[in-house]
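Colleague: Sequence and predicted structure below; questions after.
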Amino acid sequence: MEKVKFVDPQTDEVVEFAVEEETQLNGIKYLLVSDGKEDGDSEAYILKELKAQDEEVFYEMVSDDIEFSAIAKVFAELADEETKLVY
């Protein structure tokens, strides 16, 4: 499973997420990521790709409610039968 590192802008803490799914909408790449736990419920987040700099790709958490709802619906459709997304 692919992993991405995310730096919390408020605490500068580096957190590693497992990439569960990815999609593209209106030319913007989005990732559905989780804490990677396989033993039941886990927290999931939607990250939005920002412009790359010097071959590095940067992501930010989707905070806009309308954008989040739209992307969450797309990811819900892409999820397998065993995965239930609650948003």
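Modeller: Done, it's in.
Colleague: Can you tell me what sits against the host helix or strand of residue 5?
Modeller: Taking DSSP states H and E as the criterion, residue 5 maps to strand 3-7. By CB atoms under 8 Å, 6 or more residues apart in numbering, the surrounding residues in contact with strand 3-7 are 13-19, 31, 33, 36, 47, 59, 61. In short, each C-beta sits where N, CA and C put it, glycine included.
Colleague: and the lengthiest strand in the chain, average pLDDT?
Modeller: Longest strand in the chain by number of residues, with DSSP state E as the criterion: strand 14-25. Regarding strand 14-25, the rounded mean pLDDT is 90.
Colleague: That strand vs strand 3-7, what angle?
Modeller: Angle of strand 14-25 versus strand 3-7, following axes from the mean of the first three to the mean of the last three CA atoms, to 10 degrees, is 110 degrees.
Colleague: who does the strand holding residue 5 pair up with?
Modeller: Sheet pairing of strand 3-7 (DSSP bridges) gives strand 14-25 (antiparallel).
Colleague: Thank you, goodbye.
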